Every structure is written in structure tokens, then in C-alpha cells.
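>>> Predicted model and sequence follow; I will ask about them next.
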Amino acid sequence: SQTIHQWPATLVQPVGSPLSLECTVEGTSNPNLYWYRQAAGRGLQLLFYSVGIGQISSEVPQNLSASRPQDRQFILSSKKLLLSDSGFYLCAWGETGGLQPQHFGDGTRLSIL
Amino acid sequence: QKEVEQNSGPLSVPEGAIASLNCTYSDRGSQSFFWYRQYSGKSPELIMFIYSNGDKEDGRFTAQLNKASQYVSLLIRDSQPSDSATYLCAVVGDNNDMRFGAGTRLTVKP
């Protein structure tokens, strides 16, 4: 069966510091991969998605970036965090094609001080 | 902008009652429809999906889809306190992008 791992679970970072969140998927090949952010009490905002190694599409312009160095690895990064980057970050995977459901990791709660 | 709309709630029902959660979407070309449950502080969990008009039942859950009215709903029968959560509606449009509603918060009172 497929599993998705996301870490760390919580993170407290100062403003201006860098960020690296990692997500890996097991049990499937060539998945679609997604990064979402959820502000407190709000819906899911799609940040990035990837349909293959090295292929990244950005939904929202911001100081975040994403990379997919391996088929089942997806990384969210920032060089300098802003206060507005606080939130609940979720990685998800879906089968190729996009019509199938997405399955979420446990999420990373990021607090910027 | 392709929208997915849900009443934010909170929706409060007594234990044992039927909870009815509603969702409308703007993209008439949408093809796949999903319901996720999200407990406070946790990630969303898929509970139902539906692709064709009509009803789909899975245990206490029934998803209903009406593409002509661009409307999808989730019924929870015999609601339990453990069903208290936020329910997210998600829709995949004709360009294969998944859009989420903001969610409806459900409270089931013992």
C-alpha cells in the first residue's frame, strides 16, 4: 500500500531564516505531488504541484520554492521566511492523470517568530 | 476563478441525527468529486468520492451528485460525536486541477 511521510511535524523559525520541508511517498511510481498551505480556520491553498521529476508548477507567487529531485521526493523551501509564511503545510500525492483523489501527509505546523 | 463553495457552519446536529453537508461548484466541466474529513490540528482524510450523477453509499456516508445543478452533498446517518470535524469538498475540473472548498465545521452533540 502507498504511504506518505512528511517532516518535521512542527517547526518554529525566526523571521528571515531558511526553510526546508520534505515529503516522500512509498508504494507508487510517478505520482503527482502537491504542496498546500492552510491558514488557521481557512481552506487549502495550493502552492506547488509536480507531475514528474524536475517539473514544478507554481500556483501562487511568493517567497517559497519547490523541488522534486527524485520521483517520490518533494521539497518545499524558502531562503528567507516571512511572518505571513506561518501555517499548516500539507504534502499530498495522487495517481497520474489528476482525476483520482489526493492523499495527504500528516502536515507540518510552521510558526514564524 | 473556478470556485467551490461550502457553508462554513458550524453545523450542529444531535447524536443519531442525519447531518447534511452541501457544496456547489462553478466549473461545469468538473469530473471528480471528493469529500475529506479534517479533525482539528490534523490533515484531511478522504472519506468519499463520486464521479457519476446520483447517490453513492458507503456505510453511514452517502455522497450525492447533481451535475446539472453543480451540486454535491454528503449525508452522514446516525451521526456520532466522533464525526465532529471539518468536512472539505474537493472538485477536479476539466483541466485536472483539484479545488477545495473552505470546509464546513460539523459538531455532533451527545
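Happy to help now that I have it.
>>> Which single residue in chain B comes nearest to chain A?
Closest residue of chain B to chain A, Cβ to the nearest Cβ: B:Asn96 (3.1 Å). C-beta: built from backbone N, CA, C; applies to glycine.
>>> What residues are bridge-paired with A:Cys23?
A:Gln6, A:Phe74 (DSSP bridges).
>>> That one contacts A:Gly105, doesn't it?
Yes: A:Cys23 is within contact range of A:Gly105, at 5.8 Å (criterion: Cβ atoms under 8 Å).
>>> quick revisit: next, count neighbours for the residue of chain B closest to chain A.
As a burial measure, B:Asn96 scores 15 neighbours (other Cβ atoms under 10 Å in any protein chain shown).
>>> on that earlier part again, now do the shared contacts for A:Cys23 and A:Gly105.
Counting by Cβ atoms under 8 Å, 6 or more residues apart in numbering or on different chains, the contacts common to A:Cys23 and A:Gly105 are A:Ile4, A:His5, A:Gln6, A:Cys91.
>>> What subset of those is buried?
Those of those that meet the buried threshold are A:Ile4, A:Gln6, A:Cys91, by 16 or more other Cβ atoms under 10 Å in any protein chain shown.
>>> now chain A, which segments are flagged as low pLDDT?
Within chain A, the segments meeting pLDDT under 70 span A:61, A:98.
>>> Would you mind listing what in it touches chain B?
A:42-44, A:46, A:90, A:94, A:97-107, A:109 (Cβ under 8 Å from any Cβ of the partner chain).
>>> Just the buried residues from these, in PyMOL please.
Buried residues within those, by 16+ other Cβ under 10 Å, are selected in PyMOL with:
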select buried, chain A and resi 43+44+46+90+94+98+100+101+102+103+104+105+107+109
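>>> can I assume A:Tyr89 is in contact with A:Ala39?
No: under the criterion of Cβ under 8 Å, A:Tyr89 makes no contact with A:Ala39, lying 10.8 Å away.
>>> Between the two, tell me which one has more neighbours.
A side-by-side neighbour count of A:Tyr89 and A:Ala39, using other Cβ under 10 Å, places A:Tyr89 first with 23 against 12.
>>> how close does that one sit to chain B?
Distance from A:Tyr89 to chain B, counting by Cβ to the nearest Cβ, to the nearest Å: 10 Å.
>>> Name the nearest residue to that residue, ignoring sequence neighbours.
A:Thr108 (4.6 Å; Cβ to Cβ, 6 or more residues apart in numbering or on different chains).
>>> who's in contact with that neighbour?
Counted by Cβ under 8 Å, 6+ apart, A:Thr108 has contacts A:Gln6, A:Trp7, A:Pro8, A:Ala9, A:Thr10, A:Leu11, A:Leu21, A:Phe88, A:Tyr89, A:Leu90.
>>> Who is the residue minimising distance to the centre of chain A paired with across the strands?
Nearest to the mean C-alpha position of chain A, counting by Cα atoms, centre = their mean, stands A:Trp35 at 2.9 Å. The partner list for A:Trp35 in beta bridges (DSSP bridges) reads A:Phe48, A:Cys91.
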